[in-house]
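Visitor: Dropping a prediction and its sequence here:
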Amino acid sequence: MDKKIRSLLASSESDVRCLDEAFELLQSNESRPAIDGPDLFSHDLFVLCAESAILKDKPLMARDALKMYFGRIPPQNQFLGRAYLAQAQLLAPESAENVDQLEKAVVFLLRAIKFAKENSRYHFIVYNASVLYWNFCRPFLRKGYKKYLAPSLLMVSRALDETRDSDYEWRSMLMIALIESLLEAGKYKDAIDVSTNAASFTKRHVPHLFKEIFKLQILHDLVELPFLYRTSRASGDLNCFYRIYKFRAKSNRGDFMSDPKGRLSKCLEQIMNRALDEEEDDEEESAISDAGRTKLGRKPQQRPVSKVTKKSTAGPSFNAPQEQALAPVEPDQQPALLIDMFRLCMDYNYLDLAGTALEDLKRCTALSKSDEVELEILDSELILARLGDMQESFRKDIVQLREKLISRIEQAIVNAVRLDNRDLVQAACTTLWNICLPMLQPNLRSRCRRALTLIASTLEDIQSLLRLMRCQVHTELAKCEEDVEQNQVALEHIHKAMALDDDAVYLERHENSLQRLEMRITLYQTPSDPIQLATQIIEQASSTGSGTMTMRRAHLMKAGQALSPDSFILVMEAENFTKGSFDLKTSLVLVVSYRVNNFTP
């Protein structure tokens with residue numbers, strides 16, 4: 001029996017009927033009286049059956065198999081941990097609105113982790129639990145929902161640290177998500193501790209992810225300014241990175257900055273090694289020294305101007321940054337810095353600096369394929385931004401320019417998908433959506449139909465978390481499909497838009513569109529409700545684009561009579577009275593005759 005069930009479970013990958021047969025055999029043993037002897041197979045088969053059922057999308061079978069497994073005393077082996085993980089998968093939340101479901105799933109996940117940590121042979125279960133956790137908490141990895149992950153993500157990350165898992169990049173990614181969730185949850189002190197540990201960890205094991213930690217420290221002031229400054233002096237590219245995000249952090253806080261454009265220009269020169277700025281701006285240097293003196297309890301003093309005095313003013317007791325020549329920025333680091341600089345200049349409408357950054361990016365010799373695709377996206381954004389007030393114009397040449405840019409970004413999306421770069425795919429789709437927005441007019445949106453379809457399908461394939469934008473794209477696609485009488489396809493887009501509208505921003509609009517489309521699809525079924533009947537007749541009138549004015553008027557008269565028979569006929573006769581052909585007796589006769597014709601006992 002044991003061998004037969006194992007063989008069936010192994011064959012279930014290709015034939016789902018084998019899984020059903022194996023489950024029936026497991027159930028037959030469960031229904032057998034206990035006095036008949038010991039079990040005919042080992043308990044691990046229940047867990048294997050549950051795992052196969054989850055893969056085949058059979059949650060009821062998996063739930064029953066786990067119920068049979070936990071119904072007796074399970075042995076303390078790896079299958080106990082795997083059973084906990086399977087139970088967590090069954091309780092996984094389907095959307096970010098199911099916070100209670102997340103907490104229920106995390107309970108079983110932590111049970112598996114606790115069991116696996118006690119024995120080094122089962123440490124692989126801790127890693128599997130972290131991957132599984134990441135899969136079912138992914139809907140929460142967006143603004144406003146990350147705070148719900150803070151407690152559980154902290155425990156998962158600590159478990160990986162305790163088991164000393166060797167996948168350092170994976171652990172670093174979890175740390176970055178943990179810092180963001182702690183910040184959103186308002187746990188600032190915990191975020192400081194985690195960011196400090198994460199910074200040292202990534203420096204040692206995953207240097208290419210250190211900048212992500214460093215960026216969070218700069219933007220959210222997780223580390224004191226002197227330490228950030230000393231860290232930034234380690235290399236030329238790190239110093240440029242520090243300046244870019246320090247500028248963004250100050251702007252976000254609304255701090256005053258003297259000559260902001262000049263600061264960005266100097267940073268751009270430093271990125272391209274045209275001018276190695278060996279010292280921070282006087283204002284920044286003064287703030288760092290003052291912060292150190294305040295920490296020592298001394299009053300801030302005015303800093304001398306000469307460079308020689310600068311080196312001697314800061315006392316060694318607070319570890320003031322030592323003046324040292326910065327190394328030039330390496331060519332392979334320049335593209336990423338130039339892209340960040342371009343984005344920053346575009347955010348603050350410094351189009352000339354953005355153009356300079358883009359030209360420098362084109363001259364870089366270390367461009368990867370992803371950088372080349374992003375270059376196309378940035379160039380399109382700059383072309384559009386340079387139109388200025390003419391961006392919203394519907395002149396023929398502006399519309400034609402937008403159509404060219406749409407074709408260009410469509411190709412960029414295809415290339416980004418081939419490179420399997422999801423961040424780049426989302427950036428390209430966002431740019432394409434922004435280009436299409438002004439053209440979503442009744443007479444122009446047909447030209448965006450292909451682009452919108454590409455955005456919707458691409459973001460759906462990668463399960464993008466840009467849910468609001470995806471909702472808006474499906475809403476506009478429904479209008480495009482409705483214009484070409486593809487009502488069933490439009491109805492599907494409305495359903496998808498409603499599923500993506502988590503905050504019910506467009507709920508009323510979607511419900512109205514849904515009702516209207518259903519009426520258009522069922523034109524040959526007469527509704528019993530007068531309002532629905534009138535809606536159906538109006539939709540029928542609007543769909544007869546080639547019909548004459550007389551035909552449309554006849555449809556509208558039927559709609560009016562359906563809503564209010566008596567009043568509508570009198571209003572229509574009043575209209576005839578203005579034309580000099582009103583007869584009160586005739587009107588009353590018409591009203592009575594209409595009542596007789598539509599009388600239902």
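Guide: Alright, I've got the coordinates.

Visitor: longest single helix anywhere in this structure?
Guide: In the chain, with assignment by DSSP state H, the single longest helix is helix 396-419.

Visitor: Render the CA-only coordinates of it in PDB, please.
Guide: The C-alpha coordinates for helix 396-419 follow below in PDB (Å, rounded to 0.1, in the frame of the first residue of the first chain):
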ATOM      1  CA  LYS A 396      -1.800  67.600 -35.200                       C
ATOM      2  CA  ASP A 397       2.000  67.700 -34.900                       C
ATOM      3  CA  ILE A 398       1.800  67.200 -31.000                       C
ATOM      4  CA  VAL A 399      -0.500  64.200 -31.400                       C
ATOM      5  CA  GLN A 400       1.800  62.700 -34.100                       C
ATOM      6  CA  LEU A 401       4.800  63.200 -31.800                       C
ATOM      7  CA  ARG A 402       2.900  61.400 -29.000                       C
ATOM      8  CA  GLU A 403       2.200  58.500 -31.400                       C
ATOM      9  CA  LYS A 404       5.900  58.200 -32.300                       C
ATOM     10  CA  LEU A 405       6.800  58.200 -28.600                       C
ATOM     11  CA  ILE A 406       4.100  55.600 -27.900                       C
ATOM     12  CA  SER A 407       5.600  53.300 -30.600                       C
ATOM     13  CA  ARG A 408       9.100  53.800 -29.100                       C
ATOM     14  CA  ILE A 409       8.100  52.900 -25.500                       C
ATOM     15  CA  GLU A 410       6.100  49.900 -26.700                       C
ATOM     16  CA  GLN A 411       9.400  48.500 -28.200                       C
ATOM     17  CA  ALA A 412      11.100  49.400 -24.900                       C
ATOM     18  CA  ILE A 413       8.600  47.400 -22.900                       C
ATOM     19  CA  VAL A 414       9.100  44.400 -25.200                       C
ATOM     20  CA  ASN A 415      12.900  44.600 -24.700                       C
ATOM     21  CA  ALA A 416      12.500  45.000 -20.900                       C
ATOM     22  CA  VAL A 417      10.300  41.900 -20.800                       C
ATOM     23  CA  ARG A 418      13.000  40.000 -22.800                       C
ATOM     24  CA  LEU A 419      15.600  41.100 -20.300                       C
END
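
Visitor: buried residues in that helix?
Guide: Neighbour-count burial for helix 396-419, with 16 or more other Cβ atoms under 10 Å as criterion, is recorded at 398, 401-403, 405-406, 408-410, 412-413, 415-417. Any C-beta I mention is one placed from the backbone N, CA and C, and that applies to glycine too.

Visitor: what stretches of the protein score poorly on pLDDT?
Guide: 1, 29-41, 276-325, 523-529, 532-533, 536-553, 555, 561-562, 564-601 (pLDDT under 70).

Visitor: show me what contacts the residue positioned nearest the centre of it?
Guide: Nearest to the mean C-alpha position of the chain, by Cα atoms, centre = their mean, lies Leu465 at 2.0 Å. Contact analysis of Leu465 by Cβ atoms under 8 Å, 6 or more residues apart in numbering lists Arg138, Pro139, Leu141, Arg142.

Visitor: what about burial for those residues, which qualify?
Guide: By neighbour count, with 16+ other Cβ under 10 Å, these hold Pro139, Leu141 as buried.

Visitor: circling back: point me to the helix or strand that includes the residue nearest to the centre of the chain.
Guide: Assigned by DSSP states H and E, Leu465 falls within no helix or strand.

Visitor: Distance-wise, check Asn421 relative to Ser407.
Guide: Taking Cβ to Cβ, to the nearest Å as the measure, Asn421 falls 21 Å from Ser407.

Visitor: typed the wrong thing, it's Leu45
Guide: 56 Å.

Visitor: what's the answer for Gln400, then?
Guide: According to Cβ to Cβ, Gln400 and Ser407 sit 11 Å apart.

Visitor: go on, Val373?
Guide: Distance, Val373 to Ser407, by Cβ to Cβ: 15 Å.

Visitor: cool, and Pro139?
Guide: Separation of Pro139 from Ser407 (Cβ to Cβ) stands at 33 Å.

Visitor: same question, Arg63
Guide: Distance from Arg63 to Ser407, by Cβ to Cβ: 50 Å.

Visitor: Next, the contact list for the residue nearest to Leu432 when sequence neighbours are not counted, please.
Guide: Counting by Cβ to Cβ, 6 or more residues apart in numbering, Leu432 lies nearest to Ile409, which is 4.3 Å off, once chain neighbours are set aside. Contact analysis of Ile409 by Cβ under 8 Å, 6+ apart lists Glu376, Ile377, Ser380, Ala428, Thr431, Leu432, Ile435, Ala451.

Visitor: thought the fourth one was touching Val373?
Guide: Yes - the pair Ala428 and Val373 qualifies as a contact (Cβ atoms under 8 Å) at a distance of 7.3 Å.

Visitor: Overlap in contacts, the two.
Guide: What both Ala428 and Val373 touch, as defined by Cβ under 8 Å, 6+ apart, is the set Ala412, Ala416.

Visitor: the more surrounded of those two?
Guide: Ala428 (28 against 24; other Cβ atoms under 10 Å).

Visitor: Could you tell me how many residues sit around Glu492?
Guide: By other Cβ under 10 Å, 16 other residues sit near Glu492.

Visitor: Which stretches in the stretch 351-500 of the chain count as strands?
Guide: Per DSSP state E, counting those that start in this stretch, the stretch 351-500 of the chain carries no strands over any range.

Visitor: again, but for the stretch 101-250 of the chain
Guide: So, for the stretch 101-250 of the chain - with DSSP E, counting those that start in this stretch - there are no strands.

Visitor: What about the contacts of Ile409, which are in helices?
Guide: Among those, the ones falling in helices (DSSP H) are Glu376, Ile377, Ser380, Ala428, Thr431, Leu432, Ile435, Ala451.

Visitor: If you rank these by neighbours, which is first?
Guide: Going by other Cβ under 10 Å, Ala428 tops these with 28 neighbours.

Visitor: Please identify which of the ones in helices among the contacts of Ile409 is nearest to Ala53.
Guide: Each of these was scored against Ala53 by Cβ to Cβ, and Ala428 proved nearest at 38.6 Å.

Visitor: separation between that closest one and Leu90?
Guide: Taking Cβ to Cβ, one finds Ala428 at 37 Å from Leu90.

Visitor: what's the answer for Lys369, then?
Guide: Taking Cβ to Cβ, one finds Lys369 at 41 Å from Leu90.

Visitor: Which of these two has more residues huddled nearby?
Guide: Neighbours of Lys369 and Leu90, each counted by other Cβ under 10 Å, are more numerous for Leu90; the result is 17 against 13.
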